[in-house]
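A.B. asks: Here is the input, now give the coordinates:
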Amino acid sequence: MPTSPAPAFAALAGVRVLSLALNLPGPAALLRCRAMGATCVKLEPPQGDPMAHYNRIAYAALHEGVGIETADLKTEAGQAQLHRALAETDVLLSSFRPSALAKLGLDWETLHARHPALSQVAIVGAPGARAEEPGHDLTYMAESGLVTGTELPPTLYADMGGALLASEAVLQATLRARAEPGTGVYLEVALNAAADWLALPRTWGLTQPQGAVGGAHAGYRVYACADGRVAVAALEPHFAARLCEAAGVASRDMMATGTHEALAAWLRTRTRAELESMAAERDVPLLTLTA
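C.D. replies: Residues are numbered from 1 along each chain as shown. The predicted structure is shown next:
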């Protein structure tokens with residue numbers, strides 16, 4: 001987890017980022033900015049960030065090194081506190097719907113008029129006219145074709161991908177400010193666009209069932225072994241050849257059903273320890289897993 005002090009080369013050293021964003025994408029973006037050397041401050045509502053209530057461990061990890069203050073932005077005192085902070089801020093990070101930002105006087109036109117040197121990175125669910133639509137990681141993933149069956153995805157890809165795009169946007173805003181001092185810029189990051197970006201390999205067919213890394217290549221699959229599972233990543237011809245040699249599989253056509261079946265049969269008879277030893281000896285990329 002990138003929460004250690006900024007490295008010797010810190011792209012955002014000297015940059016102050018103020019966040020109003022709650023839950024996961026905004027705090028995760030702030031975490032990345034902190035890792036790149038930014039000074040990070042967050043204003044939370046009186047009730048706090050919801051994540052602090054439903055997963056304290058995640059909340060603590062995301063906010064390490066972040067200065068947290070409480071401000072009720074619906075009050076005059078809270079607004080005064082916010083604008084005092086914005087006067088010393090380089091980039092504002094938000095995750096409200098546009099209508100909510102407008103109610104708080106934080107729409108870009110109003111904000112830019114009051115703080116012309118300030119940049120804003122706005123995290124939204126979907127871009128443009130769709131920014132008012134409700135949604136979460138799961139709906140954006142489903143829209144991008146990344147939800148199959150009824151099982152939930154193993155992690156929050158759209159939120160974390162969106163966080164990376166948001167931290168990238170902070171870098172873009174910083175570069176613009178250095179090139180044109182005193183001129184802020186507004187950048188919008190959509191979580192469904194982050195999901196679309198992550199879905200590109202599937203869109204191209206790479207991870208479809210007929211794709212080489214979607215299950216069609218016998219050397220790039222998860223198999224059962226004698227005491228668990230094994231993730232085999234022998235995609236390149238030289239790795240595939242070494243795997244087939246170890247398994248005594250004559251065919252080197254890694255897309256053939258017979259090759260799949262022969263490797264599966266051999267792997268089922270081998271323990272995790274035996275497979276790890278074989279991989280080390282023959283330089284085959286694989287990782288064993290418990291059942």
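A.B. asks: what's the average pLDDT for the host helix or strand of Leu138?
C.D. replies: Here Leu138, judged by DSSP states H and E, is contained in helix 137-143. In this model, helix 137-143 has a mean pLDDT of 96.
A.B. asks: Check which helices and strands that helix sits against.
C.D. replies: Here helix 137-143 touches helix 157-179, helix 191-198, going by 3 or more CB pairs under 8 Å, 6 or more residues apart in numbering; DSSP states H and E. Yep, even glycine has a C-beta here, placed from its N, CA and C like the rest.
A.B. asks: got the buried residues for the longest one?
C.D. replies: The neighbour-count check on helix 157-179 (16 or more other CB atoms under 10 Å) flags 157-167, 169-171, 173-174, 177 as buried.
A.B. asks: could you pull out the helices for the stretch 101-250 of the chain?
C.D. replies: Read by DSSP state H, counting those that start in this stretch, the stretch 101-250 of the chain holds these helices, from start to end of the chain: 108-114, 137-143, 157-179, 191-198, 200-203, 237-247.
A.B. asks: Show me what the longest one is packed against.
C.D. replies: Just to be clear, that refers to helix 157-179. In this structure, helix 157-179 makes packing contacts with helix 25-35, strand 91-94, strand 119-124, helix 137-143, strand 186-190, helix 191-198, judged by 3+ CB pairs under 8 Å, 6+ apart.
A.B. asks: the inter-axis angle of that helix versus helix 191-198?
C.D. replies: Computed by axes from the mean of the first three to the mean of the last three CA atoms, to 10 degrees, the angle separating helix 157-179 from helix 191-198 equals 100 degrees.
A.B. asks: Return helix 157-179 as PDB; C-alpha atoms alone will do.
C.D. replies: Once side chains and other backbone atoms are set aside, the C-alpha atoms of helix 157-179 remain, and they are given as PDB (Å, rounded to 0.1, in the frame of the first residue of the first chain):
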ATOM      1  CA  TYR A 157     -12.400  -2.100 -10.200                       C
ATOM      2  CA  ALA A 158     -14.300   1.000 -11.400                       C
ATOM      3  CA  ASP A 159     -13.800   2.800  -8.100                       C
ATOM      4  CA  MET A 160     -10.100   2.000  -8.000                       C
ATOM      5  CA  GLY A 161      -9.600   2.600 -11.700                       C
ATOM      6  CA  GLY A 162     -11.400   5.900 -11.300                       C
ATOM      7  CA  ALA A 163      -9.100   6.800  -8.400                       C
ATOM      8  CA  LEU A 164      -6.100   6.300 -10.600                       C
ATOM      9  CA  LEU A 165      -7.600   8.500 -13.300                       C
ATOM     10  CA  ALA A 166      -8.400  11.100 -10.700                       C
ATOM     11  CA  SER A 167      -4.800  11.200  -9.400                       C
ATOM     12  CA  GLU A 168      -3.700  11.400 -13.100                       C
ATOM     13  CA  ALA A 169      -6.000  14.400 -13.500                       C
ATOM     14  CA  VAL A 170      -4.400  16.100 -10.500                       C
ATOM     15  CA  LEU A 171      -1.100  15.600 -12.200                       C
ATOM     16  CA  GLN A 172      -2.500  17.100 -15.400                       C
ATOM     17  CA  ALA A 173      -3.900  20.100 -13.500                       C
ATOM     18  CA  THR A 174      -0.500  20.600 -11.700                       C
ATOM     19  CA  LEU A 175       1.300  20.600 -15.100                       C
ATOM     20  CA  ARG A 176      -1.100  23.100 -16.500                       C
ATOM     21  CA  ALA A 177      -0.700  25.400 -13.400                       C
ATOM     22  CA  ARG A 178       3.100  25.200 -13.800                       C
ATOM     23  CA  ALA A 179       2.900  26.100 -17.500                       C
END
